[in-house]
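**Q** pasting the structure only:
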């Protein structure tokens, strides 16, 4: 069994998937001293070598089996729909007692696959750091990505309390805030505050850019357009996997959003001055949210 | 007739409305040397005195008539639907030859009112600097607000070429980029890149905060939610006036947006992996827009 060191410290960490999230985690683990060595694997040719050359990881492995061998912490950092196959591939090679977690954007499906496929599901807990950038890939990675963010931990039915505690200690060590949530609760909440904004931003970019007057309009687009559409510049594959793995909660949110927009449309069509109160309600809700947080 | 000085320079400037836009303009005019003195008026009690105490303006006037007396540049910086009454109030007092412009978010209605009410519409041109902040009021004002922004100039049918040239010179003097547009063209374009994002952001804030699980969801909301909803924290009165004065272009945009969202909804409901291409198209459109601009 791999030796565990101090709270939130690990000897050999394996990271599978070296995009923005995985490579940034590798950097953060090394910078914080939470890992003695970080081995990385990525299915795309050349990515692990690039991550090693950039100093994000200590060593590049050629297969999922090779990277998890001897690791006491295994982190899956691939798009959600690639998780199942990867869990099946590593299952026979994960060292007994090694902590397994992931960074996927939706949790119910991943937690179910881990329960089904890992030989010791007690040592698995799902994870989702609530951070990101609109750029993707190892080139966009940064060791500060996880500083200060909320990091959801979603235990499955068999996750042990010790597993959850080890993972929480690691998250704190990285400067983030662990928050334990049921996977379904997590998926419903992020559908509202993350996936719906992604779809809304995507639809905005599509609607504006499809206009015949886009060449003029785009020269007038400023900060408001930039910020409202920012998340539409994210990784399309990740966005697809979010939609496919969290469809029902997203549909519920989209239906509520469409209803809200239709009622705003009615107010505009009726030239109803009371629309001011609707804007005031939205501002109040957003400002209360801002005030409830730490610096955002 | 008020004496004109160098290109883009004015002796006495009158600013009516000392919110974020008007007070920032006062500061910018003084900081750039484009105005020798700036007189301010605001209908809300105490606002002009506060702006004077903060050093945003040189003098506070007690009425629209008093502030425009002797001014060679008059700038209306009030919500769109307050413009008509203000134009009627100042019309008898504007000095002959004085340049009159405004900072309103929509242009067709304002340009028509100016044509109708001002005694010399040749000296009027509409203006709309494509900048803003989500905070409002004189307390949020900053002299750098207009640096680098696109500033639309919308002449009416009788605006003289000299008026347009004087206004363009002033805009350049303030570090912004003048862009001449027909008022209707302007209103259609900003409906797409500014008003639609405002409605989309408002509906997002309303939809998320109306959920029973909002107390949980709001603790997970991060940068994506913050940016996508940022413009929903703007002034509700300004938002109302935008809706009421630009209803038809906004309805056209909302209908296109609803159709785009419904087609995204169909793809999610069908668990259609081809939704990845839709995300890729949106990203490409946004990234091309970013690349087309200067720093955004």
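**A** Okay, I see it. All values reported here derive from a predicted model rather than from experimental measurement.

**Q** burial measure for residue A:82, as a count.
**A** 17 (other C-beta atoms under 10 Å in any protein chain shown). All C-beta spots, glycine's among them, are computed from the backbone N, C-alpha and C.

**Q** meant to ask about residue A:291, not that
**A** Residue A:291 has 8 neighbouring residues, counting by other C-beta under 10 Å.

**Q** Pull up the gap between it and chain B, please.
**A** Counting by C-beta to the nearest C-beta, to the nearest Å, the separation of residue A:291 from chain B is 11 Å.

**Q** Pull up the per-residue confidence for that residue.
**A** For residue A:291, the pLDDT comes out at 94.

**Q** Same question for residue A:180.
**A** For residue A:180, pLDDT reads 97.

**Q** same deal with the one 4 residues further on?
**A** According to the per-residue confidence, residue A:184 scores 97 in pLDDT.

**Q** Equivalent analysis for the one 3 residues further on, please.
**A** Looking at residue A:187, its pLDDT reads 98.

**Q** Also residue A:9?
**A** On the pLDDT scale, residue A:9 gets 88.

**Q** Give me the neighbour count for it.
**A** Using other C-beta under 10 Å, residue A:9 has 19 neighbouring residues.

**Q** surely it meets residue A:166?
**A** No - using C-beta atoms under 8 Å as the test, residue A:9 is too far from residue A:166 to be in contact (9.9 Å).

**Q** how long is stretch A:200-220 from one end to the other?
**A** Terminal residues of stretch A:200-220 are spaced 20 Å apart (C-alpha to C-alpha, to the nearest Å).

**Q** And that stretch, what's buried?
**A** Within stretch A:200-220, the residues scored as buried using 16 or more other C-beta atoms under 10 Å in any protein chain shown are A:200-209, A:211, A:214, A:216-220.

**Q** Ok, stretch A:178-188 next?
**A** Judged by neighbour count (16+ other C-beta under 10 Å), stretch A:178-188 contains these buried residues: A:178, A:179, A:181, A:183, A:185, A:186, A:187, A:188.

**Q** Next, work out how far apart the second one and residue A:102 are.
**A** Spelled out, it's residue A:179. 16 Å (C-beta to C-beta, to the nearest Å).

**Q** Low-confidence ranges, chain A, go.
**A** Applying pLDDT under 70 to chain A flags residues A:1-6, A:294-296.

**Q** any idea which helix is longest in it?
**A** Secondary structure of chain A per DSSP state H: the longest helix is helix A:247-269.

**Q** Packing partners of it?
**A** Applying 3 or more C-beta pairs under 8 Å, 6 or more residues apart in numbering or on different chains; DSSP states H and E, we find helix A:247-269 packed against helix A:183-190, helix A:196-209, helix A:275-292, helix B:196-209, helix B:247-269.

**Q** Alongside chain B, which residues does the stretch 51-200 of chain A contribute?
**A** With C-beta under 8 Å from any C-beta of the partner chain as the criterion, the stretch 51-200 of chain A meets chain B at residues A:130-132, A:149-150, A:152, A:179, A:181, A:185-186, A:188-190, A:192-194, A:196-200.

**Q** still on that earlier bit, any chance of the buried residues of stretch A:178-188 in CSV, with distance to residue A:17 too?
**A** Converted to CSV, the buried residues of stretch A:178-188 look like this (distance: C-beta to C-beta, whole Å):
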residue, distance to residue A:17
A:178, 21
A:179, 23
A:181, 22
A:183, 20
A:185, 25
A:186, 20
A:187, 20
A:188, 25
